[in-house]
Each structure stands twice: as C-alpha cells, then as structure tokens.
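Chemist: Provided below are the primary sequence and the corresponding predicted coordinates.
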Amino acid sequence: MDKTNLQIIRESFGKVAYSHKTHEKAAEIEEGKKKKIKWGNIFLTTFTSGTLVGRIVTNEAALLYIGAALATLALAFTIFQLSFNPAERAAKHKSTAQKLWYIREKYVHLMADIINDRLSEDLIVAERNQLIEELKLIYEFAPGTDSKSYQEARKALKINEELTFSNEEIDQFLPDSLRIEKD
C-alpha cells in the first residue's frame, strides 16, 4: 500500500469535502436571500399599488407622494436585485457542489483501491494528478464563498455529522444481502 500518496489523497479528500459542503451552504444562503428579495418585491409592489389605488378612491394628495416614494424604492430595489442576483449565485453554488460531490466520491473509490492494493504506484499518481486537474477546472469557474458559508459547512460536518453514517443507517437503505451483520 502506498501510504504517502494515500495520506496526500486523504488530505485532498478532506479539502474537497469541506468545499463541497461550503458550496451547498452558500447555495442555501443565496436561496434565503432570494426569498427575502422576492417577498420585498411583493410588499413594495403591493404597498405602491395600494397607495395609488387609495389616492384614486380618496383623492388624498399625500397618498400620491407616498405612492411615488414607494415606486422609487421599488425601482431601486429591482435594480439592486438585478445587480446582485442571488438566484444566479445559488445556481452556480449548487452546480459547483454537484461537481465537487462527484470528485469527492472519486477520491473515496481511489482510497479504497489503494487500501486494497488494486492499483500500481504509477496508476495511483496518475489518478491523483487527474483529480487535481479536474478540481483545478472546477475551482476556476466556481463562485467565491464567504466565512458564513464556511462556518455553516463546519457546523454541518463537525457537529451535525452530515457526511457521517453509522453502519445501521447505511443498512436501512440496503437489501438484506448487502447489509453488514451485527457482531
């Protein structure tokens, strides 16, 4: 077994697992922003329309000014939304997370092959280098993440153990013939 390359691959796997979860959390954060912006647009549009309809019904001049102010605010909010599109950022983070998930799984299989002595040292190095090139391409087009996303990922991985399964949990998904027998 190639212990040196196994250790390097394990470290790379750990980094990819964190990056994968960080992009998942960043997507969730952007989705939350998207919902807030959507509701903000709904409220601004509703209040703008309400004040203008109220102006027509009551002929109250103050409602015209309030409606104009709200319409200006709604326009500014729309411009802000177009400039900082959280829906697009969420989609990019989801896409990056999916690509990183695939790389993460390839690392797991590579480690299993190394531990079971199924690969020559040259093939291990070639596979390792190929994974690094794939990661380079993914990261080249990946959106940036922030400390909040990283902290959420750390909490998910270390406290909530989102990538960790007990044998019993895994067995629940498998047919009897593939389950690990209890000692």
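Modeler: Looks like it arrived, so ask away. Numbering: from 1, shown residues only.

Chemist: drop to CA atoms for contacts and neighbour counts, all remaining ones
Modeler: OK.

Chemist: what about residue 161, which SS state?
Modeler: Residue 161 falls in the coil class when you classify it by DSSP: H, G, I helix; E, B strand; the rest coil.

Chemist: which residues in this protein form strands?
Modeler: For the chain, strands defined by DSSP state E do not occur.

Chemist: who are the contact partners of the residue minimising distance to the centre of the chain?
Modeler: Note on the chain: the residue nearest the mean C-alpha position is residue 24, at 1.9 Å, using CA atoms, centre = their mean. Taking CA atoms under 8 Å, 6 or more residues apart in numbering, we find residue 24 in contact with 93, 94, 97, 153.

Chemist: could the residues you listed go into JSON lines alongside pLDDT?
Modeler: As requested, the contacts of residue 24 are exported to JSON lines (pLDDT from 0 to 100):
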{"residue": "93", "pLDDT": "97"}
{"residue": "94", "pLDDT": "97"}
{"residue": "97", "pLDDT": "97"}
{"residue": "153", "pLDDT": "92"}
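
Chemist: for those residues, which one is nearest residue 29?
Modeler: Set against residue 29, the nearest of the contacts of residue 24 by CA to CA is residue 93 (10.1 Å).

Chemist: right, and that closest one touches residue 143 too?
Modeler: Yes. Judged on CA atoms under 8 Å, residue 93 makes contact with residue 143 at a distance of 6.5 Å.

Chemist: higher neighbour count, these two?
Modeler: Per other CA atoms under 10 Å, whichever of residue 93 and residue 143 has more neighbours is residue 93, with 25 against 15.

Chemist: quick one: low-confidence parts of the chain?
Modeler: Across the chain, the ranges flagged by pLDDT under 70 are 178, 181-183.

Chemist: neighbours of residue 10, how many?
Modeler: Counted with other CA under 10 Å, the neighbours of residue 10 add up to 16.

Chemist: and what of residue 48?
Modeler: 23.

Chemist: how about the one 5 residues further on?
Modeler: Applying other CA under 10 Å, we find 15 other residues in the vicinity of residue 53.
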